Structure formats: C-alpha cells, structure tokens
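[1] from the sequence below, what's the structure:
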Amino acid sequence: MKRIVPMILTVALFMEDMDSTIVSTSLPAIARDIGVGPIMLNLALTSYMVALAVFIPLSGWMADRFDAKRIFRAAILVFMLGSVLCAIANSLVALVLSRFLQGMGGAMMTPVARLVLIRGTPRSELVSTMAMLTIPALVGPLVGPPLGGFITTYFSWHWIFLINVPVGIVGYVLSGVYLPKMERRNPPPVDILGFLLGGITAAGVVFGCSVISLPTLPPAVGFAMASIGIAAALLYVFHARRHPAPVLDLRLFRDSAFRTASIGGTVFRISVGAVAFLMPQMLESGFGLNPFQSGLITFIGAVGAIATKFVARHVLTFTGFRMTVIVAAALAAGATFANSFITPGTPYVVMLCILLVAGLARSFFFTSVNALSFAEIEDADASKATSMSAVLQQISYALGVAVAGAILEIDTAIKGGPLALEDFHVAFMIIAVGNLLAAIPFVTMAKNAGASVSGHGLAMREGETTGDK
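    Sure, this is the predicted structure:
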C-alpha cells in the first residue's frame, strides 16, 4: 500500500510532464495541418506552461480547503478534456486554448501530488522520495519526443493527445481507491487580487517573450505584453507584502536554502527548456531526420535520469548539496556546449554519450534542488512552498522555449538567411552559459546546508563525537 500511492502519483505526473514536450517533434506536421509555420506553434508549447504557472498558486489553497485527493482526481478529468479538445483542434487559436485548458488540469496535479508525498514522508527519507518524484519530470519530457515522433510518423499527430484518455481513466480509478484522504485544513480566504496579478505576470512575460520571437507579429506587441507582465509583478510584490495570506507567499524566500534553490533552479530550468525545444528542431530541420528518429536520439537522456534515482542519496550524503549542484551544473554546461559541434556526420555513439551525460547531470541537479527547497521548510508552509516552486518551474521552462525561439530568430535576422544548422549551434553555445550561471547562487551556500536531509557531514560528526568519548 505504501508503494502504490507514489506509483499512482508518479504515473499521473509522468503523463503531465510528458505532455509538455510530446508536441515538440510533431510541430511540423501539426503546422502543415492547421496552416501555420512551425515557429508559430511555440505558442502551443508556452500556452500549456503558462496555464500551469497561472493556476498552480491556487492548487495548494484548494488542496488544503477541499482535500488533496478530491482536487487531484478533478485535475485528471480536466486534463483529459483538454487532451480531447487538442486532438480535434483545427486552428492555431483552438489548439492554444485547448492546451491552456490542458495546463489548468496539470496545474492541480503536480503540486498536489508533491504535497501528498511531503506530508507523508519523514525528512530523513525526503531525498529518496524526491528522487522518485523527479523521474517523471525528467523522463516524461524525454519520452515525449520519441513517442510523439513515432505516433506522428506512423499514425497521426492527433493521437499524441488521445493517448492521455486511457491513462487518465486508469489514474482516476486507482487514485479513488488507493490515495489516502488527507485532513482538510482551514486556509484563509483566497487572495483574488494576488491571483490575478500573478496570472497577468506569468502570461505577460512568457507570451510577450514568445511573441517577440515570432516573425509574423510586430515585436512591439511582444514588448507591450512583457511590459504589462513586469508591471504586474511589481504590483504583486507591493500587494504581497501587505496581504496577510498572499496566493504566493514571498516570505518563503527568507529561508536561505529555499531562496538559493529557487534562484539557481530557475536559471537552470530556462536552459533546460531551451534545449528541449532546440534539440528536436535541429535534428529534424538541420539533420533531415524524421520525428521518430530524432525522438529516439533524445531519449537516451532518460537513461541518465533514471540512473540517478539509485545513487542520488549516497552521492548527496558524501558530497552535500553544494558540491553536487555545482558539479552537475558544470557537466550540464559542457554537454550543452558540446551540442554546438554536432553535425550530421557526427557518429551516433558520440552524440548519444553527450546526451547521456546531459541527462545524468540534469537529474542530479533537479533531485538536489527539489530536496533542498524543502529541507528547512516547516510543515505548515509545505503547501505554499510547493505552489511557489511549481510556478517558478513552469515559468522558467516556458521562458526557455521563448528564449530559444528568440535566439534563432535574432541569429537568422542578423545573417539575413533562412534557418540553418549553424543557428542551432549558436543557440546551444549561448544556452550553455545559462547552465553555468545557475551554479553561482550555490557557491556562497554553506557546505552543510540541508544536512538534515542529505546527511552530509552528520556521519563524520557522529564519528568525531564517539572518538571524543
């Protein structure tokens, strides 16, 4: 019984995380069917992530108010409805709106699942639990491209959304049988103004950055949307400091471990989101591979992601959070930079080794950062912390897609020619710098930060204490 609950949550999160990237290898086929360019369809990717960022802040409050189990099951139903509407969409607007509805359902699944595990897991087992919860976030986006490519190449892109229906039905039934009913809490009234300002911030900044990179819309539109988002963010800071229970509690950043993990994790995820968008496009547009072939190549990163589950606890106990995160960021930067030298003539073995190292490094980074975020958070603030972490994750992934699109558009505009392989190489070089920047916040972090979770240094101190006796 103890094992089946994490398995149910993991499968649901796998479905949600996979859907964030399953359309990436299918963009050319979808674009042809609905009559738009592939770059325009990054709006379909970002609309899903924006919906997650907008509605995630409500998830923690709703889980406390109405029971996490009930909200989780309702989220599965909304997600399935959005999936069906995506499958029958026949225009860009319809697809974007359907993806947004899909994201609303996903917004409730991720943080509520994390909340269920956090509240039911001792702190000493938090690293192992978070490693399990990290696998869907890493493997899902990696499985998405080959699965989406296979379905698009040999069937139809519509089925990349319809496969969510049987999986969702199974998850809905099993969650009703096995998920424990969590005690309802009495949260304060929902912060409506904060929710609106937060939604405008996420939508304005992410969609604004995406529109700037679109060749068919005036850049002024994107800059205007981004400016509105930034203004809303400033108003939210002013509002949150005065509201007794803001929808996103900025006081969480007073905790040094949470603050450091949030800043470094956000920068790192922007880079990861950019790579997830760039790699399939390079393999298809630059190498001439079909969607299934490109998806199989990117899938190798899943091997590295899964491998960390079995060693993450031991590595963190030996090296601690700070050293693990810094080394992981450096390895990820090296692997991302190496992508800029990949050509159609590069041996597949070399290419797969680069992607394997990248998957391993990213998994270590995310496992460490996710556990560190909650290492010193009180149980009473767990729902607030899950909401804040999930919002930052989705905004950073969406910004990564927008940044990748902007780099490609700017590079092609400077050289005055069509999109080519060297444009992707330039993008990977720039994104690699982002991986390195993510390590900076951790450099000044205490060596024993989060030791109660990682166990780093505790065994040594216990040995010294025994020796003194």
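[2] can we go C-alpha only for contacts and neighbour counts from here?
    Will do.
[3] would you map out the domains in the chain?
    4-190+247-468, 191-246 (automatic domain parsing).
[4] would you single out the least confident of those domains?
    By mean pLDDT, the lowest-scoring of the domains of the chain turns out to be domain 4-190+247-468, with a mean of 79.
[5] packing partners for the strand or helix carrying A94?
    Assessed by DSSP states H and E, A94 sits inside helix 92-119. Helix 92-119 is packed against helix 4-19, helix 42-66, helix 68-87, helix 126-154, helix 382-415, with contacts defined by 3 or more Cα pairs under 8 Å, 6 or more residues apart in numbering; DSSP states H and E.
[6] same thing but at 10 Å, please
    When contacts are defined as 3 or more Cα pairs under 10 Å, 6 or more residues apart in numbering; DSSP states H and E, helix 92-119 packs onto helix 4-19, helix 27-34, helix 42-66, helix 68-87, helix 126-154, helix 382-415.
[7] who wins for proximity to M109 among the ones you listed?
    helix 68-87 (5.4 Å; Cα to Cα).
[8] ok so, going back, so which of the helices and strands packed on helix 92-119 is nearest L283?
    L283 lies closest, by Cα to Cα, to one member of the helices and strands packed on helix 92-119: helix 126-154, at 11.5 Å.
[9] re earlier: so how far is the helix holding A94 off the chain centroid?
    Centre-to-centre, helix 92-119 and its host chain are 12 Å apart (Cα atoms, centre = their mean, to the nearest Å).
[10] residues near R73, how many?
    23 (other Cα atoms under 10 Å).
[11] how about the one 10 residues further on?
    Using other Cα under 10 Å, S83 has 26 neighbouring residues.
[12] and for V237?
    For V237, the number of neighbouring residues by other Cα under 10 Å comes to 17.
[13] tell me the SS of it?
    helix (DSSP: H, G, I helix; E, B strand; the rest coil).
[14] I'd say it and G194 touch.
    Yes - between V237 and G194 there is a contact at 9.3 Å, judged by Cα atoms under 10 Å.
[15] for those two, list the residues in contact with both.
    P246, L248, D249 (Cα atoms under 10 Å, 6 or more residues apart in numbering).
[16] from those residues, which single one is nearest A382?
    D249 (11.4 Å).
[17] dump the residue contacts of the closest one.
    P57, G194, V237, A240, R241, H243, D381, K384, A385, S387, M388.
[18] are any of these buried, and which?
    P57, G194, V237, A240, K384, A385, S387, M388 (16 or more other Cα atoms under 10 Å).
[19] in which helix or strand would I find G229?
    Using DSSP H and E, G229 falls in helix 219-240.
[20] in that helix, what counts as buried?
    219, 222-233, 236-237, 240.
[21] and these, which is closest to S26?
    Of these, the one sitting nearest to S26 (Cα to Cα) turns out to be G222, at 25.2 Å.
[22] ok, that closest one - contacts?
    Applying Cα under 10 Å, 6+ apart to G222 gives the contacts G204, V205, V206, F207, G208, C209, S210, V211, I212, S213, L214, I228.
[23] the residue nearest to it when sequence neighbours are not counted: helix or strand, and which one exactly?
    Nearest non-adjacent residue to G222, counting by Cα to Cα, 6 or more residues apart in numbering: G208, 4.1 Å away. Using DSSP H and E, G208 maps to helix 192-212.
[24] export that helix as PDB, just CAs?
    Below are the C-alpha coordinates for helix 192-212, written out as PDB (Å, rounded to 0.1, in the frame of the first residue of the first chain):
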ATOM      1  CA  ILE A 192      -8.100  37.000  -5.600                       C
ATOM      2  CA  LEU A 193      -6.200  40.200  -6.400                       C
ATOM      3  CA  GLY A 194      -2.900  38.300  -5.900                       C
ATOM      4  CA  PHE A 195      -4.100  35.500  -8.200                       C
ATOM      5  CA  LEU A 196      -5.000  38.000 -10.900                       C
ATOM      6  CA  LEU A 197      -1.700  39.900 -10.700                       C
ATOM      7  CA  GLY A 198       0.300  36.600 -10.700                       C
ATOM      8  CA  GLY A 199      -1.600  35.400 -13.700                       C
ATOM      9  CA  ILE A 200      -1.000  38.600 -15.600                       C
ATOM     10  CA  THR A 201       2.700  38.400 -14.700                       C
ATOM     11  CA  ALA A 202       3.100  34.900 -15.900                       C
ATOM     12  CA  ALA A 203       1.100  35.300 -19.100                       C
ATOM     13  CA  GLY A 204       2.500  38.700 -19.900                       C
ATOM     14  CA  VAL A 205       6.200  37.900 -19.500                       C
ATOM     15  CA  VAL A 206       6.100  34.500 -21.100                       C
ATOM     16  CA  PHE A 207       3.800  35.200 -24.000                       C
ATOM     17  CA  GLY A 208       5.500  38.600 -24.500                       C
ATOM     18  CA  CYS A 209       8.900  36.900 -24.900                       C
ATOM     19  CA  SER A 210       7.400  34.300 -27.200                       C
ATOM     20  CA  VAL A 211       5.700  36.900 -29.400                       C
ATOM     21  CA  ILE A 212       8.900  38.900 -29.800                       C
END
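[25] what packs against it?
    Helix 192-212 sits against helix 42-66, helix 219-240, helix 382-415, with contacts defined as 3+ Cα pairs under 10 Å, 6+ apart.
[26] wait, G60 touches K384, no?
    Yes - in this structure, G60 is within contact of K384 by Cα under 10 Å, at 6.3 Å.
[27] please name every helix or strand in contact with whichever helix in the chain runs longest.
    Identified as the longest helix of the chain according to DSSP state H is helix 301-338. Under the contact definition 3+ Cα pairs under 10 Å, 6+ apart, helix 301-338 sits against helix 126-154, helix 256-281, helix 348-373, helix 421-437, helix 440-443, helix 451-454, helix 458-468.
[28] got JSON lines for those helices, with mean neighbour count too?
    What follows is the helices and strands packed on helix 301-338, written out as JSON lines (neighbours: other Cα atoms under 10 Å):
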{"stretch": "helix 126-154", "mean neighbour count": "24"}
{"stretch": "helix 256-281", "mean neighbour count": "23"}
{"stretch": "helix 348-373", "mean neighbour count": "22"}
{"stretch": "helix 421-437", "mean neighbour count": "21"}
{"stretch": "helix 440-443", "mean neighbour count": "17"}
{"stretch": "helix 451-454", "mean neighbour count": "22"}
{"stretch": "helix 458-468", "mean neighbour count": "11"}
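[29] now the ones you listed as TSV including distance to I71?
    Formatted as TSV, these follow (distance: least, Cα to Cα, whole Å):
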stretch	distance to I71
helix 126-154	19
helix 256-281	26
helix 348-373	23
helix 421-437	35
helix 440-443	35
helix 451-454	29
helix 458-468	39
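[30] returning to what we had before: could I get the buried ones among the contacts of D249 as JSON lines with distance to G320?
    Output for the buried ones among the contacts of D249, formatted as JSON lines (distance: Cα to Cα, whole Å):
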{"residue": "P57", "distance to G320": "30"}
{"residue": "G194", "distance to G320": "36"}
{"residue": "V237", "distance to G320": "33"}
{"residue": "A240", "distance to G320": "34"}
{"residue": "K384", "distance to G320": "26"}
{"residue": "A385", "distance to G320": "22"}
{"residue": "S387", "distance to G320": "26"}
{"residue": "M388", "distance to G320": "24"}
